[in-house]
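> 3D model of this:
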Amino acid sequence: MEFSVDRDLPVPLRTQLQGLIEYGIACGELVPGELLPSVRELAERIGVAPMTVSQVYGDLKASGMIETRPGSGTFVTSSGRARLAARPEATELHRRIDALIDAGTAAGIRPAELVSLVSARAFYRDSVGARTRIVMIGLFTDATASYARFIAARLGNSVTVEPLTISAIERDPAARARANSADLAVTFVNRQREVMSLVTNTKVVSISFIPSEETRKALAALDSLARVAVISRFPDFLPIMKAGVQRFAPHVEHLTGATLETPNLEDLLSRSDVVVFASGSEDVLAKLQAGVTAFEYRHAPDTAEIERVLVPLINATDEERKAS
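Presented below is the predicted three-dimensional model:
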């Protein structure tokens, strides 16, 4: 193994040397039983004070990674890291670590920050135990976060659910890496194929969504004489949304539907008492006159679908984890 330090780095030489040897042992470049250079020889080779090498060797001895044999020299021990490096799965683990480093670099995360993130995550996982990691992939940030919270609350402490949007996965390599490293990805039925093309390393499933309890209550409470405008960003969703509003507010007689691109939208809004807008159509709020009531037609994951689709998959993942 080549020993060297970089004096241009803002890292103490002692830290660099210790990290170099530890990495060499962890990656199998320094194998158990291998003789290390003497303190003086290594100090001369890399141009540092003998005291620096002596301190590093002392720390590594204290951690059990190397040992000194009187009259023979300093050797790499059969420590946990050395044994790990000798195992076949260590190569795959190193590949994944390199991928994590690449993803962090692409996201603008510095190595020291990445180490802190990994350390914090390891401490968290160690404290709560292994959990199934799910990503909820939606269209809009706020709505997707609410879906993730709903699923997490339904499934309990055995899972973590991270919200991600399709647009974030498309533009952010770190987001795509998180989606592709999850145990399971959940999305809408009509977006499943699109998500599968983006998230190729994780199983992608779809579940149904229904109007949330808050949405249903708000619709049921509408005044029967109110003039209600139903606004959607997507034209193909407007008929479904309008039918949903009619279903939960059958007593309302004056119901009109439009999209954000509908001509004379401002005129329609000026003649409305209540505006019900789809998730992602918040732009309509800036067009409303004072006094007009508005609320979001927010959905929530169907609890029956969570039980039917997600719970069996999570149970299977738990069983695989226990068996491994």
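> Three-state assignment for Gln18, please.
Following DSSP: H, G, I helix; E, B strand; the rest coil, Gln18 is assigned to helix.
> Was I right to think it contacts Leu60?
Yes. At 6.9 Å, Gln18 and Leu60 qualify as touching, with contact defined as C-beta atoms under 8 Å. Backbone N, C-alpha and C define where each C-beta goes, glycine included.
> which residues are in contact with both of those two?
Residues touching both Gln18 and Leu60 (C-beta atoms under 8 Å, 6 or more residues apart in numbering): none.
> can you count the residues close to Arg176?
Per other C-beta atoms under 10 Å, the neighbour tally for Arg176 reads 20.
> Toward the C-terminus from the helix or strand bottoming out on mean pLDDT in the chain, list the very next helix or strand.
Least confident helix or strand of the chain, by mean pLDDT, DSSP states H and E, is helix 80-86 with a mean of 61. Downstream of helix 80-86, the first helix or strand assigned by DSSP states H and E is helix 89-106.
> what's the following helix or strand after the strand or helix carrying Pro163?
Counting by DSSP H and E, the element that carries Pro163 is strand 159-165. Later in the chain than strand 159-165, the nearest helix or strand by DSSP H and E is helix 166-171.
> mind listing the strands for this structure?
For the chain, the strands defined by DSSP state E cover 35-36, 66-69, 73-76, 132-138, 159-165, 184-188, 204-207, 209-211, 227-232, 254-259, 274-278, 293-297, 299-301.
> which residues touch stretch 39-56?
Under the contact criterion C-beta under 8 Å, 6+ apart, stretch 39-56 has outside partners Phe3, Ser4, Val5, Leu13, Arg14, Leu17, Gln18, Ile21, Leu36, Pro37, Tyr57.
> need these in JSON lines with neighbour count, can you?
Formatted as JSON lines, the contacts of stretch 39-56 follow (neighbours: other C-beta atoms under 10 Å):
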{"residue": "Phe3", "neighbour count": "15"}
{"residue": "Ser4", "neighbour count": "10"}
{"residue": "Val5", "neighbour count": "19"}
{"residue": "Leu13", "neighbour count": "18"}
{"residue": "Arg14", "neighbour count": "17"}
{"residue": "Leu17", "neighbour count": "23"}
{"residue": "Gln18", "neighbour count": "20"}
{"residue": "Ile21", "neighbour count": "24"}
{"residue": "Leu36", "neighbour count": "21"}
{"residue": "Pro37", "neighbour count": "16"}
{"residue": "Tyr57", "neighbour count": "22"}
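> Looking at these, spot the one nearest Thr144.
Checking the contacts of stretch 39-56 against Thr144 with C-beta to C-beta, the nearest one is Gln18 at 43.5 Å.
> coming back round to it: how about the strands of the chain in a markdown table, adding mean pLDDT?
Shown next, in a markdown table, are the strands of the chain (pLDDT from 0 to 100):
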| stretch | mean pLDDT |
| --- | --- |
| strand 35-36 | 92 |
| strand 66-69 | 89 |
| strand 73-76 | 90 |
| strand 132-138 | 93 |
| strand 159-165 | 94 |
| strand 184-188 | 94 |
| strand 204-207 | 92 |
| strand 209-211 | 91 |
| strand 227-232 | 94 |
| strand 254-259 | 92 |
| strand 274-278 | 96 |
| strand 293-297 | 96 |
| strand 299-301 | 93 |
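> So for Gly104, which of the ones you listed sits nearest?
strand 159-165 (16.8 Å).
> can you give me the angle that closest one makes with strand 132-138?
For strand 159-165 against strand 132-138, the angle by axes from the mean of the first three to the mean of the last three C-alpha atoms, to 10 degrees is 30 degrees.
> Strand 159-165 - contacts with which helices or strands?
strand 132-138, helix 141-155, helix 173-180 (3 or more C-beta pairs under 8 Å, 6 or more residues apart in numbering; DSSP states H and E).
> and if we set it to 10 Å?
helix 111-128, strand 132-138, helix 141-155, helix 173-180, strand 184-188, helix 311-323 (3 or more C-beta pairs under 10 Å, 6 or more residues apart in numbering; DSSP states H and E).
> The ones you listed into JSON lines, with extra columns for distance to His299?
JSON lines is the format used below for these (distance: least, C-beta to C-beta, whole Å):
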{"stretch": "helix 111-128", "distance to His299": "29"}
{"stretch": "strand 132-138", "distance to His299": "10"}
{"stretch": "helix 141-155", "distance to His299": "7"}
{"stretch": "helix 173-180", "distance to His299": "21"}
{"stretch": "strand 184-188", "distance to His299": "9"}
{"stretch": "helix 311-323", "distance to His299": "20"}
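> Out of those, which is closest to Gly71?
helix 111-128 (38.6 Å).
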